[in-house]
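J.: Predicted structure and sequence below. I'll ask about it afterward.
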Amino acid sequence: MSGEASPEPTPRQVLYALVAGGFVVVVVILIIGAAAAGLVPTWWSAALAFLVAIGGTWMALNWRRTGEVLSISIGIFFVWLVGTLILAS
């Protein structure tokens, strides 16, 4: 890099980053709730906590890449949804 500051983020980038962060917060709440209710095995909750930690770290470092950030956050939600439905039945 040439040492120049990065350009100002657009309002859309900020909004999409906040929406993606909201999805991650919802998934964390759902992981905790499913584990507390005993709906899923402990290993599933631990695996999803690891997935959220890795995905959340990447998203925090790359929040201006709105397409990827939104895709990852929604993808984590769908992984939780499908896995929990399978394991809870």
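T.: Sure thing, it's come through. The model shown is predicted, which means the values in this text are computed figures rather than measured ones.

J.: got the buried residues for stretch 24-41?
T.: Across stretch 24-41, burial judged by 16 or more other C-beta atoms under 10 Å covers 24, 27-28, 31, 34-35, 40. Where you see a C-beta, it was placed from the backbone N, CA and C, and this is true even at glycine.

J.: Out of those residues, list just those in helices.
T.: Within these, residues falling in helices by DSSP state H are 24, 27-28, 31, 34-35.

J.: what does stretch 76-89 rub up against?
T.: 23-24, 26-27, 30-31, 34, 39-41, 44, 48, 51-52, 55 (C-beta atoms under 8 Å, 6 or more residues apart in numbering).

J.: Export that stretch to PDB, keeping only CA atoms.
T.: Output of stretch 76-89 as PDB, limited to C-alpha atoms (Å, rounded to 0.1, in the frame of the first residue of the first chain):
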ATOM      1  CA  ILE A  76     -24.000 -19.200   9.200                       C
ATOM      2  CA  PHE A  77     -27.700 -18.800  10.000                       C
ATOM      3  CA  PHE A  78     -28.700 -21.400   7.500                       C
ATOM      4  CA  VAL A  79     -26.100 -23.800   8.800                       C
ATOM      5  CA  TRP A  80     -27.500 -23.400  12.300                       C
ATOM      6  CA  LEU A  81     -31.100 -23.700  11.100                       C
ATOM      7  CA  VAL A  82     -30.600 -26.900   9.000                       C
ATOM      8  CA  GLY A  83     -28.200 -28.600  11.500                       C
ATOM      9  CA  THR A  84     -30.400 -27.800  14.500                       C
ATOM     10  CA  LEU A  85     -33.500 -29.100  12.700                       C
ATOM     11  CA  ILE A  86     -31.800 -32.300  11.800                       C
ATOM     12  CA  LEU A  87     -30.300 -32.800  15.300                       C
ATOM     13  CA  ALA A  88     -33.400 -31.800  17.200                       C
ATOM     14  CA  SER A  89     -35.600 -34.300  15.500                       C
END
